[in-house]
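Asks: below: sequence and its predicted model.
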Amino acid sequence: MERWRIVKAFTLGPLLEAVIPKPGNVNRFADFRDLSLYHFLFGNTAVLPVYYEAVETGELVRKGIIMPNEAGIGELIKRAVSESRKIQDANPNFGVITLSIPLMMGLAMARNIMEGPEKAAMLIRESTVRDTMELYRAIRIANPKGIPSGVKYDVYSNDAFRELFRDGINLWALAEMSCERELIFCEWINSYNLSYSTADLLVEELKKHSLEEAVVRVFLRILSEKVDTLIARKAGAEEAKAVMERAKRALRGEISLEEFDSFLREKGDLRNPGSIADIVAVATSLLVAAGLRVKVRNGKVFGVIGQP
């Protein structure tokens, strides 16, 4: 795929996801005490140069100029997180960065959008222990909420790097052991299955609903079917299950979106569905890469995919 097509898509996708008023998330109508829409605007555009380099690196792998194990996924993630952090004082996009960079590199190696996950998975399998160490440094810079302590290869432990090196833990091995507590890692080892199926759902919803309505409907559906691992890490498994049940009720029309949103926000950001939001951001990026454009009809913005 063409370089700038990928970069523009993965810049615009997360911005669209951030502004659309989804229940429980920062959006154009709602902020949290320590996280605002402006953090997303600044953070998601600060990473543009690193995204460009990631796509360029994918092209070099495709051409055989560098080997897959030299792609430096971990270093690219760390640098993107650093660029985001330099320009704002929160963590709006660690998950999106970590999901996007391997997939962008894979798309740069692929003939079309559908081949991207296979290429990304190959790069993750061929990653090195150094990539994992750089990812750990990225996590320390971003300092996301809910990272568990006392686990094997504890990201904040002084012994973590020695243990990773001793056991030869590359990104694929890390993802396999961490999938249960982090949705991003499940996407890495499952060829971005949820991101792509979410994109398919968005395509179907866009045929019947405005852009915002389509995104919210798909967001609710995924939230009703999948445990949001950010909620589970911050607030516990029971809270995550309670959010799933409320999402099902909202989908069935038993409670309003406003009621669901109030439920998600009544404990600050503990019930913020951040992991599912990251999936929606990547899915939206895929739609942009496929040619998403907007049209206004009767005061509503609709998404159309394909050429004018």
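Replies: Structure's in. What do you need?

Asks: how about Val304, secondary structure?
Replies: strand (DSSP: H, G, I helix; E, B strand; the rest coil).

Asks: so, low pLDDT: which residues of the protein?
Replies: Applying pLDDT under 70 to the chain flags residues 307-308.

Asks: okay, strands next: where are they in it?
Replies: Remark: strands assigned in the chain by DSSP state E are 292-297, 300-305.

Asks: pick the most buried one from those.
Replies: strand 300-305 (a mean of 16; mean count of other CB atoms under 10 Å). The way it works is simple: take the backbone N, C-alpha and C, and place the C-beta from them, glycine included.

Asks: direction included, what does it pair up with?
Replies: strand 292-297 (antiparallel) (DSSP bridges).

Asks: can you put the strands of the chain in TSV and add distance to Leu257?
Replies: Output for the strands of the chain, formatted as TSV (distance: least, CB to CB, whole Å):
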stretch	distance to Leu257
strand 292-297	22
strand 300-305	16
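
Asks: quick one, which of those strands gets closest to Val26.
Replies: strand 300-305 (19.4 Å; CB to CB).

Asks: for Pro102, see how far away Glu70 is.
Replies: Relative to Pro102, Glu70 is positioned 14 Å away (CB to CB, to the nearest Å).

Asks: of those two, which one has the most company?
Replies: More neighbours surround Pro102 than the other of Glu70 and Pro102, with 28 against 12 (other CB atoms under 10 Å).

Asks: that one is in contact with Glu118, isn't it?
Replies: No: assessed by CB atoms under 8 Å, Pro102 is found out of contact with Glu118, at 11.6 Å.

Asks: how deep is Leu16 tucked in, by neighbour count?
Replies: Neighbourhood size, Leu16 [other CB under 10 Å]: 20.

Asks: that one and Arg265, how far apart?
Replies: Taking CB to CB, one finds Leu16 at 22 Å from Arg265.

Asks: just Asn193 next, same as before
Replies: Distance of Asn193 to Arg265, computed by CB to CB: 30 Å.

Asks: more neighbours: these two, which one.
Replies: Neighbour tally, Asn193 and Arg265, criterion other CB under 10 Å: the higher count belongs to Arg265, 17 against 12.

Asks: thinking again about what came up before, can you say which of the strands of the chain is nearest to Arg5?
Replies: strand 292-297 (11.8 Å).

Asks: mind listing residues that contact that closest one?
Replies: Strand 292-297 is contacted from outside by Leu211, Thr284, Val301, Phe302, Gly303, Val304, Ile305, Pro308, using CB atoms under 8 Å, 6 or more residues apart in numbering.

Asks: can you put the residues you listed in a markdown table and add distance to Lys226?
Replies: Shown next, in a markdown table, are the contacts of strand 292-297 (distance: CB to CB, whole Å):
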| residue | distance to Lys226 |
| --- | --- |
| Leu211 | 22 |
| Thr284 | 17 |
| Val301 | 27 |
| Phe302 | 27 |
| Gly303 | 23 |
| Val304 | 28 |
| Ile305 | 24 |
| Pro308 | 35 |
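
Asks: which of the residues you listed sits closest to Arg137?
Replies: Thr284 (28.2 Å).

Asks: number of residues surrounding the nearest residue to that closest one once chain neighbours are set aside?
Replies: The spatially closest residue to Thr284, leaving aside those adjacent along the chain, is Gly13, at 4.1 Å (CB to CB, 6 or more residues apart in numbering). Using other CB under 10 Å, Gly13 has 25 neighbouring residues.

Asks: can you give me the first-to-last residue distance of stretch 247-261?
Replies: Between the opening and closing residues of stretch 247-261 lies a distance of 10 Å (CA to CA, to the nearest Å).

Asks: buried set for it?
Replies: By neighbour count with 16 or more other CB atoms under 10 Å, stretch 247-261 contains the buried residues Ala247, Lys248, Arg249, Ala250, Leu251, Ile255, Phe260, Asp261.

Asks: now what about that stretch, what contacts it?
Replies: By CB under 8 Å, 6+ apart, stretch 247-261 touches Pro23, Gly24, Ala30, Val216, Arg217, Leu220, Arg221, Leu223, Ser224, Arg246.

Asks: does the fourth one touch Glu17 like I think?
Replies: Okay, so that is Val216. No: using CB under 8 Å, Val216 makes no contact with Glu17, being 10.9 Å away.
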